[in-house]
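> predicted model follows, preceded by the sequence.
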Amino acid sequence: MSDIVDVLLRPSEFFRSLRERPRWVIAMAVLLIVTAAGMVLILNETIDFARQAGLSQAANDDSRQAIERFFSHPFFKVFIVVAPGGAQLFSVLLYGAFALLILALSGGGLEARPYGRIVTAGLWSKMVEIPHMVLLVPLTKMKGSPEIYFGPAAFFTGDVTDRWFRFVAGFDLFQIWSLLLFALGVRICLHVSTRRAAVAVILPWLVRQAIRLALG
């Protein structure tokens, strides 16, 4: 528990201790448990929102019945619960690979097991999901919908299916917080410059945002 508090409130001190004593199991377990627990608490609202979105695209009664069966299936409920945590874990592994590539191309000189150190820093940066879920769950319950945004998307008045909305939605405050923690962790755990760490972590995210905007 102290590690979770430290990474959120005293990140520099925490990542220095992480550099001396790498540990990642707790971070991964907490990430998966917190996201799953949060989704269980807002499961009905999430499924209802997805069902309504699907029904709005249905062409006929047969399509609507198929959609109803799909969203009422137990496997879909399990997927809704476990998918966010799995997606977060996959993003850490993927971003870690890109960060390692950028660091290698921008000067090399990395210490032993650099990918493991990067992934470890990434996992701990995801502890921002704890305060995220603490806010998301009650706000979703109050609104009756998972359409809760912590960033400029909250002030967007256009069509939520518009590509500009999806682009703006990527600038989530908790996402930015996580990126900053990730960059700090890479800088300290791999003992690289602030500039190299920031580029290695933030550049892949910016590329993803650009692709999201381009593809609409």
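All right, it came through fine.
> give me the number of residues near the residue nearest to residue 97 when sequence neighbours are not counted?
Nearest residue to residue 97, sequence neighbours excluded (C-beta to C-beta, 6 or more residues apart in numbering): residue 115, at 7.2 Å. C-beta here means a position set from N, CA and C on the backbone, and glycine is covered the same way. Residues lying near residue 115 (other C-beta atoms under 10 Å) number 15.
> how about residue 72?
Residue 72: 11 neighbours (other C-beta under 10 Å).
> roughly how far does it sit from residue 46?
Look at residue 72 and residue 46: by C-beta to C-beta, to the nearest Å, they are 14 Å apart.
> which residues touch residue 116?
residue 22 (C-beta atoms under 8 Å, 6 or more residues apart in numbering).
> ok, back up a step: I'd say the residue nearest to residue 97 and residue 96 touch.
Yes - if you go by C-beta atoms under 8 Å, residue 115 and residue 96 touch, sitting 6.1 Å apart.
> can you give me the strands in the protein?
Counting by DSSP state E, the chain has no strands to list.
> for it, longest helix please?
helix 74-105 (DSSP state H).
> residue ranges of the helices in this structure, please?
2-9, 11-20, 25-41, 43-55, 61-72, 74-105, 114-125, 129-143, 163-169, 173-189, 194-215.
> buried stuff in the third one?
Residues of helix 25-41 classed as buried by neighbour count (16 or more other C-beta atoms under 10 Å): 27-28, 30-32, 34-36, 38-39, 41.
> check the shortest one too.
By neighbour count, and taking 16+ other C-beta under 10 Å as the criterion, the buried residues in helix 163-169 are 165-169.
> before we move on, what about the last one?
Of the residues in helix 194-215, those with enough neighbours to count as buried (16+ other C-beta under 10 Å) are 196-202, 204-205.
> got the angle between that helix and helix 74-105?
Interaxial angle, helix 194-215 versus helix 74-105 (axes from the mean of the first three to the mean of the last three C-alpha atoms, to 10 degrees): 130 degrees.
> do the same with the third one
Helix 25-41 runs at 140 degrees relative to helix 74-105, counting by the same axes, to 10 degrees.
> quick one: low-confidence parts of this protein?
Scanning the chain for pLDDT under 70 picks out the ranges 58-59, 108-110, 157-162, 216.
> residue farthest from the centroid of it?
residue 61 (36.3 Å; C-alpha atoms, centre = their mean).
> if I look at it, how far off is residue 40?
According to C-beta to C-beta, residue 61 stands 32 Å off from residue 40.
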